[in-house]
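S.K.: sharing a model that was predicted from the sequence below.
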There are 4 protein chains.
Amino acid sequence: MSEENQMLNLLIENQDGVTEKQKKILEAAVEIFSEKGYAASSTSEIAKKAGVAEGTIFRHYKTKKDLLFSIVAPTMTKLIAPFIIRDLNKVLDKDYEEFEDFLRAIIANRQAFAKENTNMIKILVQEIPFHPELKEQFTKNIALKVFERLKEVVVHYQKNGQIIELPPESVVRMLGSTIIGYLLARHIMAPEADWNDEKEIENMISFILNGIKK
Amino acid sequence: MSEENQMLNLLIENQDGVTEKQKKILEAAVEIFSEKGYAASSTSEIAKKAGVAEGTIFRHYKTKKDLLFSIVAPTMTKLIAPFIIRDLNKVLDKDYEEFEDFLRAIIANRQAFAKENTNMIKILVQEIPFHPELKEQFTKNIALKVFERLKEVVVHYQKNGQIIELPPESVVRMLGSTIIGYLLARHIMAPEADWNDEKEIENMISFILNGIKK
Amino acid sequence: MSEENQMLNLLIENQDGVTEKQKKILEAAVEIFSEKGYAASSTSEIAKKAGVAEGTIFRHYKTKKDLLFSIVAPTMTKLIAPFIIRDLNKVLDKDYEEFEDFLRAIIANRQAFAKENTNMIKILVQEIPFHPELKEQFTKNIALKVFERLKEVVVHYQKNGQIIELPPESVVRMLGSTIIGYLLARHIMAPEADWNDEKEIENMISFILNGIKK
Amino acid sequence: MSEENQMLNLLIENQDGVTEKQKKILEAAVEIFSEKGYAASSTSEIAKKAGVAEGTIFRHYKTKKDLLFSIVAPTMTKLIAPFIIRDLNKVLDKDYEEFEDFLRAIIANRQAFAKENTNMIKILVQEIPFHPELKEQFTKNIALKVFERLKEVVVHYQKNGQIIELPPESVVRMLGSTIIGYLLARHIMAPEADWNDEKEIENMISFILNGIKK
DNA sequence: AATGAATGAGATTTCATTCAT
DNA sequence: AATGAATGAAATCTCATTCAT
């Protein structure tokens, strides 16, 4: 389980004074929230799975919503966005000569991320639409920041003549759709199907670069 | 409101013996489910919005889950899939000479669908992951059927030399990702942003056909 | 029990659409609140004593506080104040020639009231200090109105030379202290002691009129 | 604050081995109990206000009720009653010639007491009715003793012809009502109103002595 | 068919109290 | 002595569902 929850582990390590029980609570909550959705999960079930008394949950998190937010919010603000930015910086710094190499790198990177954070991603995807506070944080801390950075990347490769001169926002959106679409199908919607990742990714890169016109 | 719920209206018309109250219940349920999610919606709120007594809901639908299913299931089995298939048939029958025209037609068609069924789509997207029965129906009745039909279309255009010789499954998936990604962003995630649909769609078509390589 | 809760009965009769169960709930609540105080009373105990399910309480009163307020607030605004005013009006209209007769009448009247509303008075006395909303209502609807009216009475008897020329506010306060002090001791603090009401009241009247100086 | 809690300070000084923390706990408890009532106060809130850990309270007081009683009981048995008796003795010893002077002295004395012990008085008044043990102590240690002593005083002044020949119990009760009624209004019920103490007291004395008959 | 009061199981939350450190 | 994490019993409250009218 622990390998499957990279973000959660970082989240726990990142705070100090987290007791063993608290850790168990967070782990149980992530598992149950991701499986049933926040609203359909009961604190008593979380307590049971965590092996603590129900009261213990509320000693650490004032309300059930608090528990959700203390999982989701720092994951967005402290973990996801910074990591993505950092990775994009690496990419820009190393200055992949070829856009194709950049593409391959970023897909591999996101693929690894999705694999290691399936549950957390499920929670984000499911709960953000229902909690305006989360939606706002998501927009401000992830969507906009990552979008901006990716636009810079695109402009960079447009300048050195490797990418077509479409509006960079559109390019980013289509890039995003394609990659995220694949990752959702691969890890969230049909993880049990048997996928030939390598080939799928090669096809995807070729699609992105050349389209499907003969 | 009624214009925004094309599927719901068809759903209602398609059954006979649907009373006025039942209609109100379904309308209220769709609205509330899509706004808060199934698990966080209460039957009493639905009753209030529908202007009926709490008991009336249970006269028509044995359980709350029944209510959800009687909205979602027939929408999938009787409405969405057949419509898509029918539209795809139209496309094949009319034999759009150019794949680009086909693409343009199908995007316009799905765009119209998304616009007219925002709430229903939200419910589907949110609830399918949590209800295996729905997931199965979705897979069997929509995903597979549509996928199959689209594959035929792709093969058709591959045969007449307009589409590249990638595995048709991959082509369909990438086509799907790109189009669905756009529609979700456009109608579900950020419907309030001001979009220049025409231009976005042109860019998308050009991306699908030619990729982004210069 | 019913005879001991005149105000409660009026309260119930005064509203329409009060079900049998609701009546039982109000009766049980008044009894338990007056015995243990609001904060120390549990809704489950009230439900048990009322012979209803706990949920039934919350169907009629959104919160426990709501239950308290729906007992206390209308008692103050609709029952106590109007009744006192009405009685004082009777007094003024009948124009008791002698202040002493007025005094005797009002004491008898308040004595009867206290006897018939012990529980309700206990609740008022105990809870008003802890709930600003109630305190405000009490001040506005009872204290001030009754005070004003009593002042008029005092002025009336001052004018016709039966009462000394002290500031009427002070006279009213001292009158009030004496009478309320007696009633609280008699009905709330030591109701089980054996009281010779007639004699006590005569002494009190004589005290009020002549003081204790020989 | 410390000046406002004379009894509390005496209470603390009167016991030995009272640690600094214990003192803080008692101070916090008095403040919170008087503000919200015993039943509505939580030990955790008291701990927070006292600046100690939650467990620390229970190191010194076995239960929450213990905490209440260790504030209220000794205040009644060791402090209030002895003080009143002592003051009354002073009065008798000094042999105020005039009953009026005695009255003035005792009112001033009680006024000072009320001013310096508002919170403690609030707690007594609120909690005694709900705790039979406290009620009994109050009756035995305060009510009866003080009552007895006051009766002696009254008899004394009746003998030397300054007080009317009513039953001394009634005289004491009416004296008590009048004075306590004023003090409660003045310090507990409407402390924020602006009072002209001197004048009020003069009126009260004149009322007690001469009644309100012209 | 429709109502809406009533139910009771279960959800969230509070809180006095215990106990290992 | 002091801490504060942990407990679990009980409190408040919610809600799908039933049923008499």
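M.R.: Looks like it came in fine. Residues are numbered from 1 along each chain as shown, chains lettered A, B, ... in the order given.
S.K.: show me where chain A has its helices.
M.R.: A:6-14, A:20-36, A:43-50, A:54-60, A:64-74, A:81-94, A:99-116, A:118-127, A:132-137, A:144-159, A:168-183, A:197-210 (DSSP state H).
S.K.: is any residue of the third one near DNA strand E?
M.R.: Yes. Helix A:43-50 is in contact with DNA strand E by C-beta under 7 Å from any atom of the strand, via A:43-44. Backbone N, C-alpha and C define where each C-beta goes, glycine included.
S.K.: go on, the fifth one?
M.R.: Yes. On the criterion C-beta under 7 Å from any atom of the strand, helix A:64-74 is in touch with DNA strand E at A:64-65.
S.K.: give me the contact list for that helix.
M.R.: With contact meaning C-beta atoms under 8 Å, 6 or more residues apart in numbering or on different chains, helix A:64-74 is reached by A:8, A:11, A:14-15, A:25-26, A:29-30, A:33, A:38, A:43, A:46, A:57, A:61, A:120, A:123-124, A:127-128, A:131, A:133-134, A:137.
S.K.: just the buried ones from the residues you listed?
M.R.: A:8, A:11, A:25-26, A:29-30, A:33, A:38, A:43, A:46, A:57, A:61, A:120, A:123-124, A:127-128, A:131, A:134, A:137 (16 or more other C-beta atoms under 10 Å in any protein chain shown).
S.K.: pull the helix or strand with minimum mean pLDDT from chain A.
M.R.: Ranked by mean pLDDT, DSSP states H and E, the weakest helix or strand in chain A is helix A:81-94, scoring a mean of 76.
S.K.: export it to CSV, keeping only CA atoms.
M.R.: In CSV, the C-alpha atoms belonging to helix A:81-94 read as follows (Å, rounded to 0.1, in the frame of the first residue of the first chain):
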residue,chain,number,x,y,z
ALA,A,81,2.1,21.8,-8.2
PRO,A,82,5.7,22.2,-6.9
PHE,A,83,6.6,18.8,-8.3
ILE,A,84,5.3,19.4,-11.7
ILE,A,85,6.9,22.8,-11.8
ARG,A,86,10.2,21.3,-10.7
ASP,A,87,10.0,18.6,-13.3
LEU,A,88,9.2,21.1,-16.0
ASN,A,89,12.1,23.2,-14.9
LYS,A,90,14.4,20.3,-15.1
VAL,A,91,13.2,19.8,-18.6
LEU,A,92,13.8,23.4,-19.5
ASP,A,93,17.2,23.5,-17.8
LYS,A,94,18.4,20.4,-19.4
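S.K.: now chain A against DNA strand F: closest residue?
M.R.: A:G55 (1.9 Å; C-beta to the nearest atom of the strand).
S.K.: what about that residue, distance to A:I25?
M.R.: Taking C-beta to C-beta, to the nearest Å as the measure, A:G55 falls 12 Å from A:I25.
S.K.: go on, A:Q111?
M.R.: As judged by C-beta to C-beta, A:Q111 and A:I25 stand 30 Å apart.
S.K.: wait, A:M204 touches B:V171, no?
M.R.: No. Using C-beta atoms under 8 Å as the test, A:M204 is too far from B:V171 to be in contact (10.8 Å).
S.K.: can you tell me the centre-most residue of chain A?
M.R.: A:I121 (5.2 Å; C-alpha atoms, centre = their mean).
S.K.: next, count neighbours for A:F147.
M.R.: Neighbour count of A:F147, defined by other C-beta atoms under 10 Å in any protein chain shown: 15.
S.K.: ok, now which ones touch it?
M.R.: A:169, A:172.
S.K.: try 7 Å this time
M.R.: With contact set as C-beta atoms under 7 Å, 6 or more residues apart in numbering or on different chains, A:F147 has these partners: A:V172.
S.K.: which stretches of chain A have low pLDDT?
M.R.: A:1-4, A:91-92, A:94, A:214 (pLDDT under 70).
S.K.: residue of it closest to chain D, please.
M.R.: A:R59 (10.3 Å; C-beta to the nearest C-beta).
S.K.: quick one: neighbours of that residue, just the number.
M.R.: 13.
S.K.: neighbour-wise, which of A:M204 and B:V171 wins?
M.R.: B:V171 (24 against 21).
S.K.: contacting residues for the more buried one?
M.R.: Per C-beta under 7 Å, 6+ apart, neighbours of B:V171: A:212, B:154, B:163.
S.K.: quick one: contacts of stretch A:30-38?
M.R.: Against stretch A:30-38 from outside (C-beta under 7 Å, 6+ apart): A:5, A:8, A:41, A:45-46, A:49, A:68, A:71, A:119-120, A:122-123, A:126-127, B:39, B:130.
S.K.: what sits against A:V52?
M.R.: Going by C-beta under 7 Å, 6+ apart, the list of residues near A:V52 reads A:21, A:24-25.
S.K.: nearest to C:D194 among those?
M.R.: Sorting the contacts of A:V52 by distance to C:D194 puts A:K21 at the head of the list, at 60.8 Å, by C-beta to C-beta.
S.K.: now that closest one, nearest residue through space, not along the chain?
M.R.: Among residues not flanking A:K21 along the chain, A:V52 sits closest, at 5.0 Å (C-beta to C-beta, 6 or more residues apart in numbering or on different chains).
S.K.: try A:K115
M.R.: A:K115's closest residue in space is A:H187 (C-beta to C-beta, 6+ apart), at 6.4 Å.
S.K.: could you list every residue that touches that neighbour?
M.R.: Counted by C-beta under 7 Å, 6+ apart, A:H187 has contacts A:114-115, A:118.
S.K.: quick one: which of these is nearest to DNA strand E?
M.R.: For the contacts of A:H187, the residue nearest DNA strand E by C-beta to the nearest atom of the strand is A:T118; the value is 22.9 Å.
S.K.: the closest one: neighbour count?
M.R.: Neighbours of A:T118 (other C-beta under 10 Å): 15.
S.K.: so it versus A:L184, what's the distance?
M.R.: 11 Å.
S.K.: cool, A:V30 as well?
M.R.: A:V30 is 18 Å from A:L184, by C-beta to C-beta.
S.K.: do the same with A:T56
M.R.: 35 Å.
S.K.: with A:P168 instead?
M.R.: For A:P168, the distance to A:L184 (C-beta to C-beta) stands at 23 Å.
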